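**Student:** Just need the structure, nothing else, for what follows:
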Amino acid sequence: MTFFRKKRVFALLLICFVLILFMNSTLIGRKLYPIYYEKEIRQSAAKHHIDPFLIAAIIRVETNYKVHLESHKGAIGLMQLMPDTAAWIVESANLGPHSQEDLVNAEVNINLGAWYLNWLTKHYSGNLVYAIAAYNAGQGNVNKWKQNEIWDGTEANIDQIPFGETRHYVQRVLYYYEKYTKLYDKQWTDSTAGINKEALD
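**Tutor:** Numbering: from 1, shown residues only. Here you go, the predicted model:
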């Protein structure tokens with residue numbers, strides 16, 4: 001085989017490899033960005049009318065799907081709920097008795113977290129960026145930033161958020177939210193029907 005023929009064969013093989021890689025990019029992407037606890041996420045998303053990919057993005061950033069994590073501040077479970085916040089959610093949503101130990105249960109934790117995300121989204125009139133920030137920094141801080149015109153709640157002006165941790169948090173959640181939507185939207189069509197993905201615009 002001549003040198004030029006070898007180069008042609010190599011070029012053809014390279015083109016074939018790139019085509020195969022492109023055709024399987026979604027599959028590769030799902031391997032890089034997996035979603036665990038799919039059943040619990042989809043059920044809670046449907047129950048509380050919140051985008052399942054937003055729930056998944058919050059979980060990815062909070063705990064990377066490690067169900068038994070507890071933060072140094074005392075936040076518990078997949079969605080890192082503070083016990084006081086969880087108790088308020090249970091009372092506000094009339095979800096029945098729950099103990100602090102229940103927060104390490106994936107189904108319970110995701111259900112409470114999804115309800116809270118829905119509540120925050122309504123509280124901020126559908127502004128998901130404000131809601132995501134409040135999930136991390138608390139409503140009091142976000143309300144103050146909003147009222148004092150420190151931050152306008154847009155994705156474009158995230159750099160105006162006073163807390164570096166919250167800036168980074170919001171950016172990461174939005175990043176995974178976009179990734180999950182692109183990779184899983186067709187697969188999860190039934191569970192995402194009727195969810196407003198235009199709220200970030």
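**Student:** Show me how this structure divides into domains.
**Tutor:** 1-32, 37-200 (automatic domain parsing).
**Student:** out of those, deepest packed?
**Tutor:** Comparing these on average neighbours per residue, with mean count of other Cβ atoms under 10 Å, the densest one is domain 37-200 at a mean of 18. Yep, even glycine has a C-beta here, placed from its N, CA and C like the rest.
**Student:** which residues touch Gly153?
**Tutor:** Applying Cβ atoms under 8 Å, 6 or more residues apart in numbering, we find Gly153 in contact with 124, 127, 129-130, 133, 146.
**Student:** er, Tyr180 actually
**Tutor:** 33, 35, 53, 56-57.
**Student:** Give me the subset of those lying in strands.
**Tutor:** Per DSSP state E, strands hold no members of those.
**Student:** Next, format those as TSV and append pLDDT and distance to Trp151.
**Tutor:** Output for the contacts of Tyr180, formatted as TSV (pLDDT from 0 to 100; distance: Cβ to Cβ, whole Å):
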residue	pLDDT	distance to Trp151
Tyr33	94	28
Ile35	96	30
Phe53	97	24
Ala56	98	25
Ala57	98	20
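**Student:** Nearest to His98, out of those: which one, please.
**Tutor:** His98 has its nearest neighbour among these in Ala56, at 22.4 Å by Cβ to Cβ.
**Student:** surely that closest one meets Arg42?
**Tutor:** No: applying Cβ atoms under 8 Å as the test, Ala56 and Arg42 come out as separate, 9.7 Å apart.
**Student:** least reliable of the domains of the chain going by mean pLDDT?
**Tutor:** Mean pLDDT is lowest for domain 1-32 out of those, coming in at a mean of 65.
**Student:** Let me see the contact set for the spatially closest residue to Lys144 that is not a sequence neighbour.
**Tutor:** Once flanking residues are discounted, Lys144 sits nearest to Ile150: 7.4 Å by Cβ to Cβ, 6 or more residues apart in numbering. Neighbour list for Ile150: 144, 160, 162 [criterion: Cβ under 8 Å, 6+ apart].
**Student:** tell me the phi and psi of the last one?
**Tutor:** In this entry, Pro162 is assigned phi and psi values of phi -60, psi -30 (degrees, to the nearest 10).
**Student:** So it versus Gly126, what's the distance?
**Tutor:** Distance, Pro162 to Gly126, by Cβ to Cβ, to the nearest Å: 23 Å.
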